[in-house]
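K.L.:
Structure of the sequence below:
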Amino acid sequence: MDKRLALPLTLLVLTGCAGCSGDGAVRGRPGAAGVRDPYFPRLGNGGYDVQHYGLTLDYAPATGRLRGTAEITARATQDLSAFNLDFAGMKVDSVTVDGERAALHRAGTELTLRPHDAVGRGDTFRTVVHYSGVPRRITDPDESEEGWLRSGERAVGLGEPTGSMAWFPGNHHPSDKASYDIRITVPEGMKAVSNGELRSERTTAGRTSFDWHSAQPMASYLATVAIGPFKTETAERAEEKPAKKAAEKAGKKPGNSADKAGAGVATVGALPIYSAVDPAVAADSARLLSELPGIITWQEKTFGPYPFSSTGVIIGRKGDSQYALETQNRPFLPGPTSVATLVHELAHQWFGNSVTPKSWRDMWLNEGFAEYTEWLWTEHTERVPVRQSFEEAYEDDDNWAFPPAKPPSAVNISDAPVYGRGAMVVQRVREAVGDAAFFRIVRGWLETYRHGNADTHDFTTYVERQAGRDLSGIWDTWLYGDEKPPLG
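P.N.:
As a prediction, the model looks like this:
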């Protein structure tokens, strides 16, 4: 807590009567300081639903200092006398709600705001937070690092599961998705890459501002800003003919079950592609960039239309982060990776980014399907049957440490069973219902929950309803069971 800030703001809380009615009674109640996530109970906030974030950021790479303004438009889901924002580090310079200065109390990563006037249920209100400082790295329970990762003059904001609160205040739980406008100003010669579409790039007095717009809803952990001397490439994926007709014209047959299931599914034409690559790895990244349009086309044939209005990839240097992340529209890769990794992160645009988990307990819905997409890709490109990948995963003891839908703690939400055993659950469903029904169900699932949130119960219920049969044997053994079931 910044003592210079806390004392006068605390006095505002004690001496004011924000939200009082004419008879002196306070209208409404404070929103919850957390949404009771099974692994991060204090993450997120209750009482409101964010509709839009407008972030204006000014970054000085030489010092690592960031000045920011967050304009948060939200709708109250209850009468609010006060509400919370998640924010880690940096100094809060001022806060207003609907143009009036709001009282503020800060404790750890919780900002508690008391508006001058209480907010009524159903009302849309606008909070503006001005802040500054050096954004911090956040160490996850599994010891990986996220938040604001600075390497010399380069920096990247990564947020899974809690790191986005290091560089902007907000409701940082995946259950509250919103649209975004992110404007980043950096020294001339540097690039600032974010989510969505680049609307403008303007240079004034030696500094360049990049304006990014994301119209489709996004969970805060998928927001990113990557700053560096990137080389950028723009392209447009040309419109393609439906898969079945194109194959017939070429005199070819679809090569595997996924190809056959996708036959006749048209891809979305004219998809903008914006990618950024660190110059130090540009030559080694050429293959990945060339593969991206084909990967997206194949994934559309398999899973249905790409869920966002643009795509691409950000490729940094080794050491920029410890992992790749499926940041929305364009994944972040810490240097050139395998094509399989790019396939995995692009699959998340459907599984995790469009259909987002309601809580971090449902992580397997993201990672199990992304891992399974790698198996499908290996079958598609190398003719290695998915069943073979399944059996290899079955023999890996790491995948049996715990059930994928029941990670023991926050430390384990990115452990092997969430990926490998999660993918095995997907394969067992496919074997139970057959190829045609399986791919129909998966595409229906993605369409039904497009740009929304879903949990494991939603998934199992949807699959059983669409399959017209009880699949509890799969759920009880492969998804929730503590013992390793027979291979079958």
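
K.L.:
CA only for contacts and neighbour counts going forward, please
P.N.:
OK.

K.L.:
The stretch 201-350 of the chain: helices as residue ranges?
P.N.:
Assigned by DSSP state H, counting those that start in this stretch, the helices in the stretch 201-350 of the chain fall at 243-249, 257-262, 286-303, 339-347.

K.L.:
Show me what the nearest residue to E201 once chain neighbours are set aside bridges to in the sheet.
P.N.:
In space, and not counting its chain neighbours, E201 is closest to F210: 4.7 Å by C-alpha to C-alpha, 6 or more residues apart in numbering. F210 has these beta-bridge partners by DSSP bridges: I184, E201.

K.L.:
Can you tell me the number of residues neighbouring S290?
P.N.:
For S290, the neighbour count with other C-alpha atoms under 10 Å is 10.

K.L.:
same thing with the one 4 residues further on?
P.N.:
For G294, the tally of surrounding residues (other C-alpha under 10 Å) stands at 12.

K.L.:
can you check V134 too?
P.N.:
18.

K.L.:
got the buried residues for the top helix by length along the chain?
P.N.:
Scanning the chain for the helix with the most residues, using DSSP state H, yields helix 363-382. Within helix 363-382, the residues scored as buried using 16 or more other C-alpha atoms under 10 Å are 363-380.

K.L.:
for stretch 393-408, same thing?
P.N.:
Buried, per 16+ other C-alpha under 10 Å, within stretch 393-408: A393, Y394, N399, W400, A401, F402, P403, P404, A405, K406, P407.

K.L.:
Residues contacting it, please?
P.N.:
For stretch 393-408, the surrounding residues in contact (C-alpha atoms under 8 Å, 6 or more residues apart in numbering) are 361-364, 413, 416-422, 424, 456, 478-484, 487.

K.L.:
which of the helices of the stretch 201-350 of the chain has the lowest average pLDDT?
P.N.:
Between the helices of the stretch 201-350 of the chain, the one with the least mean pLDDT is helix 243-249; it has a mean of 41.

K.L.:
any low-confidence regions in this structure?
P.N.:
In the predicted model of the chain, residues 1-26, 238-269 satisfy pLDDT under 70.

K.L.:
ok, now which ones touch G99?
P.N.:
R126.

K.L.:
Now stretch 409-423 - C-alpha only, CSV.
P.N.:
Presented in CSV, the C-alpha positions along stretch 409-423 are these (Å, rounded to 0.1, in the frame of the first residue of the first chain):
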residue,chain,number,x,y,z
SER,A,409,-4.7,-27.4,-6.2
ALA,A,410,-3.8,-24.2,-8.1
VAL,A,411,-0.3,-25.7,-8.5
ASN,A,412,-1.6,-28.4,-10.7
ILE,A,413,-3.9,-26.7,-13.2
SER,A,414,-1.2,-26.9,-15.9
ASP,A,415,0.1,-30.4,-15.1
ALA,A,416,0.2,-33.3,-17.5
PRO,A,417,-3.2,-34.9,-16.7
VAL,A,418,-5.0,-31.7,-17.7
TYR,A,419,-3.4,-32.0,-21.1
GLY,A,420,-2.8,-35.7,-21.9
ARG,A,421,-5.6,-37.3,-19.9
GLY,A,422,-7.9,-34.5,-20.9
ALA,A,423,-7.2,-35.5,-24.6
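
K.L.:
How far away from the center of its chain is it?
P.N.:
17 Å (C-alpha atoms, centre = their mean, to the nearest Å).

K.L.:
Equivalent analysis for stretch 227-236, please.
P.N.:
So, by C-alpha atoms, centre = their mean, the centroid of stretch 227-236 is 21 Å from its chain's centroid.

K.L.:
in it, what counts as buried?
P.N.:
The neighbour-count check on stretch 227-236 (16+ other C-alpha under 10 Å) flags I227, G228, P229, F230, K231 as buried.

K.L.:
Which residue is the nearest non-sequential neighbour of the second one?
P.N.:
When you say that, I think you mean G228. R154 is the one closest to G228 (C-alpha to C-alpha, 6+ apart), at 4.6 Å.

K.L.:
again, but for the first one
P.N.:
Nearest-residue entry for I227: A192, 4.5 Å, with adjacent residues in sequence omitted and distances by C-alpha to C-alpha, 6+ apart.

K.L.:
What helices and strands are in contact with the helix or strand harbouring the one you found?
P.N.:
Using DSSP states H and E, A192 falls within strand 191-194. Packed against strand 191-194 by the contact rule (3 or more C-alpha pairs under 8 Å, 6 or more residues apart in numbering; DSSP states H and E) you find strand 178-187, strand 207-218, strand 225-228.

K.L.:
Figure out which of those strands is closest to G122.
P.N.:
strand 178-187 (16.7 Å; C-alpha to C-alpha).

K.L.:
Buried residues, the closest one. List them.
P.N.:
For strand 178-187, by 16+ other C-alpha under 10 Å, it's A178, S179, Y180, D181, I182, R183, I184, T185, V186, P187.
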